[in-house]
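give me the fold of what follows.
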Amino acid sequence: MKAQGTYTVVKWDESPYETISPTSKLTRASVEYQCAGDIEGKLAVQYLMFYSKADPKDQHNSTAEYTGIIRFQGNIQKKAGSFIVFDKGSFQGGMASSSLEIAAGSGTEALQGITGKGSYKADKNGCTIELEYFLP
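As a prediction, the model looks like this:
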């Protein structure tokens, strides 16, 4: 099955843990998103990021690669529960794009046994998420 939605940033708490050069760094971010549409609920994410080009004056000019672990809590097409998603993505030219994979065995309640993959994109025009999933 396919599910689509939009999301907004509720919280973004990012801090560097190692500076590599004046324009290169490693950061950790604790982030929360709110989703609407077929995918409705809260996404809580822990990201690790590598900025190959960090622009302290305008973060939208930065270039980064990131990996994250997301906990989704809410409803997928009216089925309530939670699950874990692995997130691998990049930020460049003011746009974030990611590949997502639902962690096997992580589903709860009506989402128990969920598997699948997806993606998201975020830029100045908005944020969209899409999942292709299977429920037994």
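
touching, Ala96 and Gly89? I think so.
Yes. Shown here, Ala96 and Gly89 form a contact pair, counting by Cβ atoms under 8 Å, at 6.0 Å. Where C-beta positions appear, they are placed from N, C-alpha and C, glycine not excepted.

neighbours of Ser15, how many?
Neighbour count for Ser15, taken as other Cβ atoms under 10 Å: 8.

put the alpha carbons of the host helix or strand of Glu14 into CSV.
Secondary structure from DSSP states H and E places Glu14 in strand 2-21. Provided in CSV are the C-alpha atoms of strand 2-21 (Å, rounded to 0.1, in the frame of the first residue of the first chain):
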residue,chain,number,x,y,z
LYS,A,2,1.1,3.6,-0.5
ALA,A,3,0.6,6.5,1.9
GLN,A,4,1.5,10.1,1.4
GLY,A,5,1.6,13.1,3.7
THR,A,6,3.1,16.5,4.5
TYR,A,7,5.1,17.4,7.6
THR,A,8,6.2,20.4,9.6
VAL,A,9,9.1,20.9,11.9
VAL,A,10,8.0,21.2,15.6
LYS,A,11,11.5,21.2,17.2
TRP,A,12,15.0,21.3,15.8
ASP,A,13,17.9,21.1,18.4
GLU,A,14,21.2,20.7,16.6
SER,A,15,24.7,21.1,18.0
PRO,A,16,28.2,20.4,16.7
TYR,A,17,30.3,17.7,18.4
GLU,A,18,33.4,18.0,16.3
THR,A,19,34.8,20.7,14.1
ILE,A,20,36.9,19.3,11.2
SER,A,21,37.8,22.6,9.5
